[in-house]
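Colleague: Have a look; sequence and predicted model below, questions after that.
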Amino acid sequence: MAYNICSSSSSLSHDPHLFFSSFSPPLALQFALFQPTPRLKQSNHSITLKPSLQLTQVSSQIPVSERTHPPNPPNSQSLDEKANSSSKSYIWVNPKSPRASQLRRHSYNARYASLSKIAKSLDSCNPVEEDVFDILASLGDKIVEQDAVIVLNNMSNADTAAIALKHFQQRFELNKETILYNVTLKVFRKCRDLDRAEKLFDEMLERGVKPDNVTFSTIISCARLCSLPKKAIEWFEKMPSFGCKPDDVTYSVMIDAYGRAGNVDMSLSLYDRARTEKWRIDAATFSTLIRIYGTSGNFDGCLNLYEEMKALGVKPNLVVYNSLLDAMGRAKRTWQAKSIYREMMNNGFEPSWATYAALLRAYARARYGEDALNVYREMKEKGMELNVGLYNTILAMCADVGFTDEGVEIFEDMKNSENSQPDSWTFSSLITIYSCSGKVSEAEATLNGMLEAGFEPNIFVLTSLIQCYGKANRTDDVVRTFDRLLALGITPDERFCGCLLNVMTQTPKEDLDKLTICIDKANSKLGYVVNLLLDEESIEEGIFKKEARELFDAIGSDVRKAYCNCLIDLCVNLNLLEKACELLDLGLTLEIYTDIQSKSPIQWSLHLKSLSLGAALTALHVWMNDLYRVLESGEELPSLLGINTGHGKHKYSDKGLAGVFESHLKELNAPFHEAPDKVGWFLTTKVAAKSWLESRHSHDVVAA
DNA sequence: AGTTCTCTCA
């Protein structure tokens, strides 16, 4: 793509914020560093590690058969029975030998696997005591509290988890009841059920079980997962009254909760506090902070945090990279997203779904068409499913950059997907894709498909359709679509009116009245200005400009330039040069256009980059008059004169401004020629310009 | 037993 700068040589070393090329430790070492600190799993066979020769029994629970065969399904034989049947066959191993640790791990893994199978059956059984207790009975008699913790910790069904908890409470004297409550709270959090979590907390208090920091951080994170950050803060503030003093993990959660509640300052002050009090700040917290900065638009802050993190010796993990990629995507700093991704890959990370999602959004937002498609293809290759949002993002990009066939193909893929069926946004993008490429019947068919799928056409769809009909010169269909919009009770917005205005610039003179009526209905102020513009009777001087000014003052800054461009185009089409000049002048006064003319000692230039053809021609006309006045006053022209049209080759216009402008320059007999080394520039010399300006003026005088 | 990642441009 012409404007794809991603593969350009823009080097990071120019960027003061980033020095990614700094050395990295060897891969193997990094992997070692990324390993989570192994936690000693407490198991039933207490192992006293003293002299190296002490022998330890490692098979108190798991039968010998399980050391070589996979465990049986949990219901076929109770774990307890298995334990009994094996109780006579001990083997003794040096506890420090590799064999011992292998066996320990194996026996733990086997038990863990059985317990998590039980958790799975509990998840899918009826939420009645009878069924839940039945399944739990298969645990046998010799279960310990730790087993109960493992079962609950692996569950995700809040109803059956509550019953299971009750069972365990009835079953044995618990001495770590808080832990059991905490893992049950985790299940409720998985179900995003804050209500239930809060009720369970009350029950803890009633039973005299003391909540701890884990209890609070679980409830707090549950609140934030339920998008109730204010609740999270409430819970945090409750901690001291229960004798709990927030620790590093609590602060980590709260940094996130404050960030999501929109209280960025509070997040940052917690971070500051954590730093000054020399708490351990881990990668998770940094990724949270980066996300907070990213969503609040402080993109330099993201990069600074990243540097700070590395300076503190905290290794970035995948989530940190994902947050950074997401932030750079939002910031439209696509090249930085690219280098972060490269760094991540060089450090041996495997991209996750979130990585691809962030990359895809970054590329799509910046219209890096090929890059975005590559991410899409890579995800498909890896069997990752895109969600509706990602599909829509990439389809919107296809519409923007003119990837018609690719867009259609992706839409088909989406229809075949399991969980990502097209929504109204999808249809809207597809209609835009067809509209922009002038495929009227396909656009119409897609609209019908959208209706069949049960979606109402929205303003975006109808805006696209109007554009589509306008381009095809089907004025009556434009009007019909406009009436449809009104019939649906949709209020035309500024963008929609801008689109109608744009259609007018492509419509034959005899059809303009039909569209003026629409515009009048949509926005009377705009309608009035358009009517004044079209009015052939002379109006009082200054009225047109005054009304146009009021219009520009009344509309949003995002559409001002589009409106001004269209109005000037209309003037130029109708040969109303004077009104065109008035509008251009107004555009300059209101700073809708800036820096159209520039002067350096050796070259004067005309910059037409974001101007429509009509506006560009008007600006050229004004410039030529200005230059002639300079000549008249006896001043010297500089040695070079240049016109910059930009290379702006938009996918959907047959030619960019550069191409169209060139033929106009020829028509005017202007001596400007395309610069061979600078794309989008037309240059001439002082001498050529002078004689041309003079001949043109005498020609004008004769014509007048 | 607790903290991060799934926020779609009009």
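Modeller: Cool, got the structure.

Colleague: Could you grab the helix/strand/coil label for A:G642?
Modeller: strand (DSSP: H, G, I helix; E, B strand; the rest coil).

Colleague: Check A:E350 too.
Modeller: Assignment for A:E350 (three-state DSSP): coil.

Colleague: which non-adjacent residue is nearest the residue most central in space within chain A?
Modeller: Nearest to the geometric centre of chain A sits A:R361, at 4.7 Å (Cα atoms, centre = their mean). With sequence-adjacent residues excluded and distances taken as Cβ to Cβ, 6 or more residues apart in numbering, A:R361 is closest to A:G329, at 4.9 Å. Using the backbone N, CA and C atoms, a C-beta is placed for each residue, glycine as well.

Colleague: Check whether A:Y628 really touches A:K690, as I assumed.
Modeller: No: contact criterion Cβ atoms under 8 Å: A:Y628 and A:K690 do not qualify, at 9.7 Å.

Colleague: For A:Q597, name its beta-bridge partners.
Modeller: With DSSP bridges as the criterion, A:Q597 is bridged to A:L606.

Colleague: Can you name the residues that contact it?
Modeller: A:604-607, A:623, A:626 (Cβ atoms under 8 Å, 6 or more residues apart in numbering).

Colleague: Let me know how buried the residue of the stretch 1-150 of chain A found nearest DNA strand B is, in neighbour terms.
Modeller: Residue nearest to DNA strand B within the stretch 1-150 of chain A: A:V149 (5.4 Å; Cβ to the nearest atom of the strand). A:V149 is flanked by 19 other residues according to other Cβ atoms under 10 Å.

Colleague: Could you report the pLDDT at A:Q77?
Modeller: A:Q77 is assigned 43 on the pLDDT scale.

Colleague: picking that back up, I'd like the mean pLDDT over the helix or strand where the residue nearest to the centre of chain A lies, please.
Modeller: Using DSSP states H and E, A:R361 falls within helix A:353-365. The average pLDDT within helix A:353-365 is 96.

Colleague: likewise stretch A:182-189?
Modeller: 96.

Colleague: In contact with the residue nearest to the centre of chain A, which residues?
Modeller: Per Cβ under 8 Å, 6+ apart, neighbours of A:R361: A:326, A:329, A:390, A:393.

Colleague: Quick check: ChimeraX command selecting the buried ones in the contacts of A:Q597.
Modeller: Buried residues within these, by 16 or more other Cβ atoms under 10 Å, are selected in ChimeraX with:
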select /A:604,605,606,607,623
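
Colleague: can you tell me which residues contact the residue of the stretch 1-150 of chain A closest to DNA strand B?
Modeller: A:176, A:179-180, A:183.

Colleague: give me phi/psi at it?
Modeller: phi -60, psi -40 (degrees, to the nearest 10).

Colleague: Measure how buried whichever residue of the stretch 551-700 of chain A sits closest to DNA strand B is and give me the count.
Modeller: Residue nearest to DNA strand B within the stretch 551-700 of chain A: A:D558 (7.6 Å; Cβ to the nearest atom of the strand). The tally of other residues near A:D558 (other Cβ under 10 Å) stands at 10.

Colleague: Not counting sequence-adjacent ones, nearest residue to it?
Modeller: A:E494 (8.0 Å).

Colleague: surely that neighbour meets A:S557?
Modeller: No: using Cβ under 8 Å, A:E494 makes no contact with A:S557, being 10.5 Å away.

Colleague: So between those two, which is more surrounded?
Modeller: Between A:E494 and A:S557, A:E494 has the larger neighbour count (other Cβ under 10 Å), namely 18 against 10.

Colleague: on that earlier part again, export the contacts of A:V149 to TSV and tack on secondary structure?
Modeller: Listed next are the contacts of A:V149 as TSV, based on three-state DSSP:
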residue	secondary structure
A:K176	coil
A:I179	helix
A:L180	helix
A:V183	helix
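
Colleague: Out of those residues, which are close to DNA strand B?
Modeller: A:179, A:183 (Cβ under 7 Å from any atom of the strand).

Colleague: sorry, back to before: verify the assumption that the residue of the stretch 551-700 of chain A closest to DNA strand B is located in a helix.
Modeller: Yes: counting by three-state DSSP, A:D558 is found in a helix.

Colleague: Would you map the strands across the stretch 551-700 of chain A?
Modeller: For the stretch 551-700 of chain A, strands defined by DSSP state E, counting those that start in this stretch occupy the ranges A:597-599, A:603-607, A:640-644, A:673-674, A:681-685.

Colleague: Out of those strands, point me to the one whose mean pLDDT is lowest.
Modeller: strand A:673-674 - the lowest mean pLDDT of the strands of the stretch 551-700 of chain A, at a mean of 91.

Colleague: Distance from it to the middle of the chain?
Modeller: 42 Å (Cα atoms, centre = their mean, to the nearest Å).

Colleague: could you say what helices and strands it packs with?
Modeller: Under the contact criterion of 3 or more Cβ pairs under 8 Å, 6 or more residues apart in numbering; DSSP states H and E, strand A:673-674 touches strand A:681-685.

Colleague: Could you check the angle the strand it packs on makes with strand A:640-644?
Modeller: 160 degrees (axes from the mean of the first three to the mean of the last three Cα atoms, to 10 degrees).

Colleague: Can you give me the buried ones in strand A:681-685?
Modeller: For strand A:681-685, by 16+ other Cβ under 10 Å, it's A:681-684.

Colleague: With stretch A:204-221 instead?
Modeller: Those would be A:204, A:209, A:211-221, for stretch A:204-221 by 16+ other Cβ under 10 Å.

Colleague: Which residue does the stretch 301-450 of chain A have closest to DNA strand B?
Modeller: A:V319 (2.6 Å).

Colleague: Please, which helix or strand holds that residue?
Modeller: Assigned by DSSP H and E, A:V319 falls in helix A:318-330.

Colleague: any idea how far the residue nearest to the centre of chain A lies from A:T355?
Modeller: As for A:R361, its distance to A:T355 is 11 Å (criterion: Cβ to Cβ, to the nearest Å).
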